[in-house]
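Q: A predicted structure for the sequence below; I have some questions about it.
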Amino acid sequence: SWGTPNLTSADLFNTGVKSSKTAIPKNDFGIEEPLDGKGYAGFRAFTKDPKKYRTYIQGKFPKKLIKDKRYCIRFNVSLADFSKWGVNNVGMFISDRKVQNNNDYALTFVPQITVAGNAPLMENQGWEKICGNYIASGKEEYFIIGCFGEEAVLQMEKNKKPANIEGNIIPEAYYYLDKIGFQYRDWE
């Protein structure tokens with residue numbers, strides 16, 4: 001039940017694919033092995049290209065979250081090697097409804113799960129875990145992962161492309177996404 005809240009969809013990468021656009025480990029965005037399994041997703045968090053847009057990944061929880069229960073929610077991202085920048089405001093927005101826009105505007109929701117301090121995510125050699133606790137209202141069914149907020153408030157940091165990788169820098173911040181997890185935590 002994966003999808004996108006906007007018109008432009010995110011990317012899916014897989015081992016055994018021959019196309020350089022969606023192959024693993026080497027593709028048009030860089031080189032990265034899956035953290036788990038044989039595939040991962042990718043989303044554009046920022047771009048200077050007026051013909052491209054931010055992309056998001058939307059999913060549905062296996063069942064509604066339980067009211068007043070605390071959940072440990074985590075996902076892993078890796079900044080693509082050829083990204084010119086890393087950005088902040090990358091996170092997960094948890095919702096009681098599916099978002100379905102007929103446009104490609106940046107989503108301005110405030111994500112409930114982000115990296116501590118909301119700093120630009122710069123890990124491009126391996127995976128960075130983003131994890132947080134969430135207390136459910138009992139109505140949540142969906143989540144969206146991507147970069148949220150207006151471009152004017154984004155913090156950008158220049159990416160250092162690994163010296164041992166050949167390829168062209170792209171004028172955007174692009175992230176791979178793998179191993180999304182939700183776990184009920186019974187503690188106070």
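A: Great, that's in hand.

Q: What residues sit buried inside the lengthiest strand in the chain?
A: Criterion DSSP state E: the longest strand present in the chain is strand 172-185. Using 16 or more other C-beta atoms under 10 Å as the test for burial, strand 172-185 gives 172, 173, 174, 175, 176, 177, 178, 180, 182. The way it works is simple: take the backbone N, C-alpha and C, and place the C-beta from them, glycine included.

Q: Ok, stretch 47-56 next?
A: Buried residues in stretch 47-56 (16+ other C-beta under 10 Å): 47, 53, 54, 55, 56.

Q: if you look at those, which of them are in strands?
A: residue 47.

Q: Let me have the buried residues of stretch 47-56 in TSV, adding pLDDT and distance to residue 19 as columns.
A: TSV is the format used below for the buried residues of stretch 47-56 (pLDDT from 0 to 100; distance: C-beta to C-beta, whole Å):
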residue	pLDDT	distance to residue 19
47	96	21
53	96	21
54	97	23
55	98	18
56	98	22
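
Q: which of the buried residues of stretch 47-56 lies closest to residue 156?
A: residue 47 (11.5 Å; C-beta to C-beta).

Q: what residues are up against the closest one?
A: Each residue near residue 47 by C-beta atoms under 8 Å, 6 or more residues apart in numbering is listed here: 53, 54, 171, 172, 173.

Q: try residue 25
A: 15, 31, 32, 33.

Q: picking that back up, dump the contacts of residue 47 into CSV; add distance to residue 155 as well.
A: What follows is these, written out as CSV (distance: C-beta to C-beta, whole Å):
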residue, distance to residue 155
53, 20
54, 15
171, 17
172, 15
173, 11
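
Q: and which of the residues you listed is nearest to residue 21?
A: Of all the contacts of residue 47, residue 21 sits closest to residue 172, with 14.6 Å by C-beta to C-beta.

Q: How many neighbouring residues does the nearest residue to residue 175 once chain neighbours are set aside have?
A: Among residues not flanking residue 175 along the chain, residue 77 sits closest, at 4.6 Å (C-beta to C-beta, 6 or more residues apart in numbering). When neighbours are counted by other C-beta atoms under 10 Å, residue 77 registers 26.
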